[in-house]
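> Give me coordinates for this.
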Amino acid sequence: MLAGSAASAGTATTGLVDAGPRLYAGEETAERGYRIAEAGESGEAGHTQEAGEAGESGEASAASEGGESGESGKPSEGGEGGEGGEGGGSVDLKTDDAAYFAELSKMRGHLMAAEALLEAGETEMAAPHLKHPLKENYEALEAAFEARSVPEFEATLETMEASDPANSADALTKIAEARKAIDVAGEGIDPSAKVLGVVALLREAAQEYEEGVKDGKVEELAEYQDAYGFVRAADSVMQGLSGGIPAEAAEGLNAALSSLKEALPSPVPSKDGLMDSGAFSAAVAKAELAASAI
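Okay, the predicted model is just below:
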């Protein structure tokens, strides 16, 4: 019996695609993503339940990046600072450039979702997303800002949060100011670290999408919109990295992002017929594989 168990364990281990160095916190999630991508490419499996439901480890794929969480798999009210920040205890935003950039990118993603909703005239939907950067991300970054000599911009986020979405022109101006501050906070980060941050952001997008979309229909609109914003933020980063990373890696990442953008064409989704979460997670796994070449 012991010999049989050891043989089985050896088979399971050799079946994994070599992940190389971990891209970010949430190691089980990364390994699961590689298995999904390998299975999909070899024809052994399509959009598996493992991909669609975040695998054997429970209902939180990206939640493992930030430690234990509440019922939904997301950190409760403390926020998404724990999604990729110090909440999980496995990364230090003061020194880990990829984790730091991922957290900044989450802030940018929330604002991109709010911006798109305001431009679509959906002011009520935009309002919660204006609050998320300060409520969910900023606190986890404060120590990192101090260590990195980055100017704080809490007051800018507070002003934006207090803006009236019904006055969309003013709210959009405040969003632009906040995005500029976030961009300043991310200056000097190496392109390779930015790519790893993008992968972490896409993992979080997959978790949000899984929570928001069930059986091709939106059940949690805010989570769907978070996924929309995170994918747009990731795409924005990649567009600014032309020539900064190997061409093969850039091609693979951009191909994965193209699929993800097609899955999230608008912050106001159609009622049904959306990509299932398994296919979404498989596209994210392909982005991970592409980034592993850097």
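> where in this protein is pLDDT low?
1-89 (pLDDT under 70).
> Please repeat the previous calculation with a cut-off of 80.
1-90, 242-243, 270-272 (pLDDT under 80).
> the strands in it, which residues?
Using DSSP state E, the strands of the chain run over 213-214, 217-218.
> Most tightly packed of those strands?
Most buried of those, by mean neighbour count (mean count of other CB atoms under 10 Å): strand 213-214, with a mean of 20. For glycine as for every other residue, the C-beta is placed from the backbone atoms N, C-alpha and C.
> In CSV: the strands of the chain, plus distance to Phe280.
What follows is these, written out as CSV (distance: least, CB to CB, whole Å):
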stretch, distance to Phe280
strand 213-214, 8
strand 217-218, 13
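> Out of the ones you listed, which gets nearest to Asp97?
Nearest to Asp97 among the strands of the chain is strand 213-214; the distance by CB to CB comes to 31.6 Å.
> Run through who's touching that closest one.
With CB atoms under 8 Å, 6 or more residues apart in numbering as the test, strand 213-214 has contacts from 219, 224, 274-277, 280.
> which neighbours does it have in its sheet, and in what orientation?
strand 217-218 (antiparallel) (DSSP bridges).
> can you tell me which of the contacts of strand 213-214 lies nearest to Pro165?
Nearest to Pro165 among the contacts of strand 213-214 is Tyr224, at 18.6 Å by CB to CB.
> separation between the residue lying closest to that closest one once chain neighbours are set aside and Gln239?
Residue nearest to Tyr224 in three dimensions, not counting chain neighbours: Gly212, with 3.5 Å by CB to CB, 6 or more residues apart in numbering. Distance, Gly212 to Gln239, using CB to CB, to the nearest Å: 25 Å.
> next one: Phe101
Note on Phe101: its distance to Gln239, by CB to CB, is 15 Å.
> Could you check which of those two has the larger neighbour count?
Higher neighbour count among Phe101 and Gln239: Phe101, with 25 against 10, using other CB atoms under 10 Å.
> Make sure that one is actually in contact with Asp190.
No: the pair Phe101 / Asp190 is not scored as a contact, 9.3 Å apart, by CB atoms under 8 Å.
> Thought Lys131 was touching Ala171, still the case?
No: under the criterion of CB under 8 Å, Ala171 is not in contact with Lys131, lying 12.0 Å apart.
> quick one: the helices in this protein?
2-14, 27-42, 49-52, 81-84, 97-119, 123-132, 139-147, 154-162, 168-185, 191-212, 221-239, 247-263, 277-291 (DSSP state H).
> re the thing from before, Ala255 is nearest to which of the strands of the chain?
Comparing those by CB to CB, strand 213-214 comes nearest, at 21.6 Å.
> quick one: Asp190 and Asp97 touch, right?
Yes: assessed by CB under 8 Å, Asp190 is found in contact with Asp97 at 6.5 Å.
> Between the two, which has more neighbouring residues?
When Asp190 and Asp97 are compared for neighbours, Asp97 comes out ahead with 19 against 13, by other CB under 10 Å.
> contacting residues for that one?
So Asp97 contacts 189-190, 193, 197 (CB under 8 Å, 6+ apart).
> Who wins on neighbours among those residues?
Gly197 (29 neighbours).
> For that one, give its distance to Lys106.
From Gly197 across to Lys106, the span is 10 Å (CB to CB).
> about what we covered before: isn't the residue nearest to Tyr224 right next to Gly229, touching?
No: counting by CB under 8 Å, Gly212 does not reach Gly229; the two are 11.8 Å apart.
> For the residue lying closest to Ala113 once chain neighbours are set aside, which residues are in contact?
Using CB to CB, 6+ apart and skipping residues adjacent in sequence, the residue nearest Ala113 is Gly229, 3.1 Å away. Each residue near Gly229 by CB under 8 Å, 6+ apart is listed here: 109-114, 116, 129, 267.
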